[in-house]
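Q: below are the sequence and a predicted model for it; my questions follow.
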Amino acid sequence: MKVSLQPRVWRRSVPHAWNKTEFLQPAKIAGCIAISALNVLWRGHGILRTAATPVRLSAVAIGGYVLMTAAEFLWLVYKGPKFTGFESPTAAKAVAQPDSTDPLVAELSELAPAELREETLELANAMKSFEAGSDREFINALAGAIPAASDAEKDEVLDKQSAVLMEHNLQTWRAYREQFYRPARAFRDELRKRLGIRNVNSEPRIPALDQAVLSGAKPITQAANYLAGLARRLR
């Protein structure tokens, strides 16, 4: 079970790429003009070879410029900042951060309290939805097991169910680690800082947040509820 965060990621990365695209770059314009001139000089060949020379020059130069600009934009989208989907679109981007600092930490530090609270609650809801969907998939997988008649068949069914359980737990852990662990820790640390919680030992131990350990009946929901509780205390 995966919660799609891609729409939120696109809302962050596309404006960033648009702002970084250089529309009036001299080298790009000169390159398009040079290609257009070479196309005209290649008599009897090339693009629009039956058209008038001014049309060929303009069409090839403009077409080449559009293609190069579109390619630059798509490249910036692909190679730009790796947003998680939970950063604020209004957070300041100009603050220089050391390479060792998680960019998400810098993003969260710039959020207003109300915006941080809203983003945290959205993350908590996504985490709970992810765990609920993962549990449903596991139950559906077990429901399809064939009833066993003999002891040998029962043992075989139990072995298969154990294998399914181990595979399910591994897949859930990997998906949680990839999608939620890093942003959840960053939100937790920022909320604790805003709330003035200096003695972290006084806070409850949440294995899913502390070490990405999914132990217990609802470990991800436990982490989500803790984040939501911190967010609701923020004023």
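A: Cool, got the structure. Numbers count the residues shown, from 1 in each chain.
Q: when you work out contacts or count neighbours from here on, use the C-alpha atoms and nothing else.
A: Will do.
Q: domain ranges for this protein, per the record?
A: Per automatic domain parsing, the domain ranges recorded for the chain read 6-79, 103-233.
Q: could I get the ones you listed as CSV with mean neighbour count and mean pLDDT?
A: Listed next are the domains of the chain as CSV, based on neighbours: other Cα atoms under 10 Å; pLDDT from 0 to 100:
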stretch, mean neighbour count, mean pLDDT
domain 6-79, 15, 75
domain 103-233, 16, 87
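Q: pull the distance from the biggest helix by length in the chain to the chain's centre.
A: The single longest helix within the chain, with elements called by DSSP state H, is helix 113-143. Chain-centre distance of helix 113-143: 15 Å, with Cα atoms, centre = their mean, to the nearest Å.
Q: stretch 107-114 too?
A: Using Cα atoms, centre = their mean, the offset of stretch 107-114 from its chain centre is 19 Å.
Q: mind telling me what element residue 34 is part of?
A: Assessed by DSSP states H and E, residue 34 sits inside helix 26-41.
Q: let's verify residue 197: helix, strand, or coil?
A: Secondary structure, DSSP: H, G, I helix; E, B strand; the rest coil: residue 197 is coil.
Q: quick one: it from residue 231, how far?
A: 13 Å (Cα to Cα, to the nearest Å).
Q: enumerate every residue touching residue 60.
A: Going by Cα atoms under 8 Å, 6 or more residues apart in numbering, residue 60 touches 32, 35, 36, 39, 47.
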